[in-house]
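Q: need a 3D model of the following:
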Amino acid sequence: MGTNVTEITKCEELDIETFAKEHPDLEKPPAGVYIIRIDRERKRVHEPELPGIKILALVGKTPDTHKLFQKFHGGKTEEVKEDEVVSFLKEGIERFQTIPKDTTEGI
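A: Okay, here's the model as predicted:
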């Protein structure tokens, strides 16, 4: 038997990438800890949402040097601005990727 959406309750720990791959059309359940992947690093956070600048900081990067993108199930990618708040509960969101900013950008 499959899990009904109403049967999903708060869990202790939730790997958002794994959940999105297994249930791409469902919002994620609340959790005590969210495991998010940024590039190749897995980070554990206690908040269900964070602004882009804090997600970058988890891997020692800043908006001055890197752009942040969220990757969704199925290959869709969206840029995350530094002050944009990302909910880890959003359906389909799998992981994050950083890309160095071009040194000539803004000149």
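Q: can you tell me, leaving aside adjacent residues, what's nearest to the most centrally placed residue in the chain?
A: Taking CA atoms, centre = their mean, the centroid of the chain lies closest to residue 95, which sits 4.6 Å from it. Nearest non-adjacent residue to residue 95, counting by CB to CB, 6 or more residues apart in numbering: residue 37, 4.0 Å away. C-betas here are computed from N, CA, C, even on glycine.
Q: give the contact list for the one you found.
A: Taking CB atoms under 8 Å, 6 or more residues apart in numbering as the criterion, residue 37 is in contact with 16-17, 43, 94-96.
Q: now swap in residue 58 and tell me
A: By CB under 8 Å, 6+ apart, the neighbours of residue 58 are 36, 38, 41, 43, 45.
Q: counting neighbours, which of these comes out on top?
A: Most neighbours among these, by other CB atoms under 10 Å: residue 36, with 23 neighbours.
Q: three-state assignment of it?
A: Assigned with DSSP: H, G, I helix; E, B strand; the rest coil, residue 36 falls in the strand class.
Q: circling back to that earlier point, and which of the contacts of residue 37 is nearest residue 69?
A: Nearest to residue 69 among the contacts of residue 37 is residue 96, at 6.7 Å by CB to CB.
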